[in-house]
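S.K.: when you get a sec, could you give me coordinates for this:
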Amino acid sequence: MSFLTPVVNLTRKATFGFAQRHVSVKSILHGSPEAKQAGDVDIQHHSKLIARGKYVHGFEVHRVKPETTEKYIEAAEEYYTGLREDTDLHVKLTGNWQVVVGEQDTFYHILEYENYNGYDRTTAMLRGSKHEKAYKKMLPYLISRSSQLNQEFAFFPTAPPHAQGGIFELRSYQLRPGALLEWEHVWRGGIEARRKLVAPIGAWFSQVGRLHQVHHMWQYPDLETRKEMREQAWKVDGWAQTVSKTAQLAKTMDAFILSPLPFSPLK
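M.R.: Below is the predicted model:
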C-alpha cells in the first residue's frame, strides 16, 4: 500500500448555477425500479450523469491518539502545506478539520486532484519524495486511517478557499445500493431550498473506498445560528419533501461538527 492514503470529509447568502439535465433522462431514470436495484456497475455509469467530472476529491480520515493531537497537528501542517505549495504536483488542498462534536480525536483532510490521472501522477511523484518523509512523521500519532475517493455532484462545485470563520458541519449518508440517482434528483431541489438561507461548501459521492456514500458540508458562525437556519429551512417550499425522501433513501446518517485547522484553505 502506498504511504499516501487519500480518503475520505455560511451565513452569507450566495447564488450558484445549477447544472441541468434533460427532462427525459429524469423521467426514465430517477426513482425507477431499474435505478433502485442498480449495483456497483450501474453506479459508475450513473456518475457520468450526475458528476461534475472535472476533479476527484480524496477524503483522508485520521483517528489520532488523544494525548498526541498537538504533535499530530504540527506534523499534518508540514505535510499538507508542503503539498499545497508544491506547484509540480497535480493536487490542491481543499481543507483540513478536526472533529469537535462526533468522533473525537478525528481529523478530516480533503484533497482535490485533477481527475484520476492527476491522482495517479501525484501518487507516483510522492513516492520517495520529501513529502513522503513528512507524511511518515504523522504515523506514530495515528490509531487508524481510512481513505475514499469522491466526485462532486454537478449541481454544486466545491467552494474556493476562504476565511469566513465559524464552524463546519459534515453530513454523511450511507445510501441503499442503487439509490444514488434518486438521491441526486431529490437533493437538487433540497439544495435550491437551503441555499436561500445558507450555501453548502460542497457535495460529493463516493466512487472508491466505502461505496454508496454521499457527503455534503456546510459552514455556520456557530451552533446557535445552525439551529436557527435549520428551523427556518422548514418554512421553505421543498425542504420538508427533501428530508422525508432522504429518510427513505439512506440507511445511516452522520452529522459531525468540525473546526478548521489553522493551515486549512477553507476556514
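S.K.: make it CA atoms for all contacts and neighbour counts henceforth
M.R.: Fine.
S.K.: and residue 193, what is it in contact with?
M.R.: Counting by Cα atoms under 8 Å, 6 or more residues apart in numbering, residue 193 touches 233, 236-239.
S.K.: actually, residue 263.
M.R.: Residue 263 is in contact with 77, 81, 96, counting by Cα under 8 Å, 6+ apart.
S.K.: now for residue 95: which residues touch it?
M.R.: Under the criterion of Cα under 8 Å, 6+ apart, the contact partners of residue 95 comprise 109-111, 260, 264-267.
S.K.: make a markdown table out of those and add neighbour count.
M.R.: Listed next are the contacts of residue 95 as a markdown table, based on neighbours: other Cα atoms under 10 Å:
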| residue | neighbour count |
| --- | --- |
| 109 | 26 |
| 110 | 25 |
| 111 | 25 |
| 260 | 22 |
| 264 | 21 |
| 265 | 18 |
| 266 | 22 |
| 267 | 20 |
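S.K.: going by distance to residue 70, which of these wins?
M.R.: The shortest approach to residue 70 among the contacts of residue 95 belongs to residue 260, at 14.2 Å (Cα to Cα).
S.K.: and the gap between the closest one and residue 128?
M.R.: Taking Cα to Cα, to the nearest Å as the criterion, residue 260 is separated from residue 128 by 29 Å.
S.K.: about what we covered before: what about the contacts of residue 95, which are in strands?
M.R.: Residues of these located in strands (DSSP state E): 109-111, 260.
S.K.: need the longest helix for this structure.
M.R.: As assigned by DSSP state H, the longest helix anywhere in the chain is helix 69-85.
S.K.: so residue 173 bridges to which residues?
M.R.: On DSSP bridges, the residues paired with residue 173 through beta bridges are residue 214, residue 253.
S.K.: burial measure for it, as a count.
M.R.: 20 (other Cα atoms under 10 Å).
S.K.: list the residues that contact it.
M.R.: Contact analysis of residue 173 by Cα under 8 Å, 6+ apart lists 213-215, 250-254.
S.K.: quick one: pLDDT of it?
M.R.: According to the prediction, residue 173 has pLDDT 97.
S.K.: roughly how far apart are it and residue 141?
M.R.: 28 Å.
S.K.: before we move on, which element is the residue lying closest to residue 209 once chain neighbours are set aside in?
M.R.: Using Cα to Cα, 6 or more residues apart in numbering and skipping residues adjacent in sequence, the residue nearest residue 209 is residue 148, 4.6 Å away. With elements delineated by DSSP states H and E, residue 148 resides in strand 142-152, which encompasses its position.
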